[in-house]
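Enquirer: sharing a sequence plus its predicted fold:
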Amino acid sequence: MNEMKSISQTKIIDITEISEYEKYLYRCLVGSFRRYKKRQEYLEKVIPKGFHKKLLIFDGEIGGQIEYAPAEVSYSPIIGDNVIVMNCIWVLRKAKGHNFGKLLLQDMIKSERDTAGFATIALENHWGPWFMKWQMEKLGFKSLDSIKVVHKMKHKGQVFGIYLMWMATTENAKPPKWKKEKFLEGITFCTAHPLYHSQTWKGNIFEAK
């Protein structure tokens, strides 16, 4: 009964189409709001090409988010034919325990039913709480490849893994590939991303191990 009640009180909205929540296009669910230039430039290019960011509203409050785009316009260096890359999925701690992660994923799959499959990354032994490999596997993704790296600024010496994850949704779908060397540069289009490349750092932010 509680599970049914949770679902009935929940809605998922695409904020690329609803101006009321426009500020969340440029930021995560917590922290101060500011228009990050690289992020703004990225969004202007990719929203017309299939980028989506959706918020999960639970009992009138924001509880989670999912962000995805076709591989050719995703900021992750993942390559694939008719592949959607999930840039982010996150459920706030206060909204845990309702399978909202699966609900967000199912909404993405339903919205992109004509795609061959979905790719994303996962992290293992990273100090942050995002993109944990076991969580991605629980959602239904499987690992295709991996690279071990260290961060040149934070937690120096701590080796962690970056994994290419895949979920096929059509028979005989061709798995995606990735440019490992590009991941060493880091991600510049989201300041909250665990692989974020600070503008103050010149050169690759990660080193392969």
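Expert: Yep, that arrived. Numbering: from 1, shown residues only.
Enquirer: ok, which stretches of the chain are helices?
Expert: Counting by DSSP state H, the chain has helices at residues 2-8, 37-46, 100-111, 133-139, 180-183.
Enquirer: could I get those helices as CSV with mean pLDDT, mean neighbour count and distance to Asn204?
Expert: The way it works is simple: take the backbone N, C-alpha and C, and place the C-beta from them, glycine included. Formatted as CSV, the helices of the chain follow (pLDDT from 0 to 100; neighbours: other CB atoms under 10 Å; distance: least, CB to CB, whole Å):
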stretch, mean pLDDT, mean neighbour count, distance to Asn204
helix 2-8, 47, 11, 43
helix 37-46, 87, 14, 17
helix 100-111, 96, 18, 31
helix 133-139, 96, 16, 23
helix 180-183, 94, 15, 9
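Enquirer: can you redo those helices as a markdown table with distance to Glu17?
Expert: Below are those laid out as a markdown table (distance: least, CB to CB, whole Å):
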| stretch | distance to Glu17 |
| --- | --- |
| helix 2-8 | 22 |
| helix 37-46 | 13 |
| helix 100-111 | 12 |
| helix 133-139 | 25 |
| helix 180-183 | 30 |
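Enquirer: quick one: closest of these to Pro77.
Expert: With CB to CB, the closest approach to Pro77 among these belongs to helix 180-183: 3.6 Å.
Enquirer: isn't Ala208 up against Lys182?
Expert: No - under the criterion of CB atoms under 8 Å, Ala208 is not in contact with Lys182, lying 12.0 Å apart.
Enquirer: my read: Gly128 touches Pro194, true?
Expert: Yes - in this structure, Gly128 is within contact of Pro194 by CB under 8 Å, at 4.4 Å.
Enquirer: neighbour count winner among those two?
Expert: The neighbour count for Gly128 versus Pro194, taken as other CB atoms under 10 Å, is higher for Pro194 (20 against 14).
Enquirer: tell me the contacts of that one?
Expert: Contacts of Pro194 were listed using CB atoms under 8 Å, 6 or more residues apart in numbering, and they are 123, 126, 128, 130-131.
Enquirer: 10 Å instead, please
Expert: By CB atoms under 10 Å, 6 or more residues apart in numbering, the contact set of Pro194 is 121, 123, 126-132, 151, 154, 160, 162, 186-187.
Enquirer: pull up the gap between it and Tyr163, please.
Expert: Counting by CB to CB, to the nearest Å, the gap from Pro194 to Tyr163 is 13 Å.
Enquirer: find residues that contact each of the two.
Expert: 121, 123, 131.
Enquirer: most neighbours among the residues you listed, which one is it?
Expert: Ile121 (26 neighbours).
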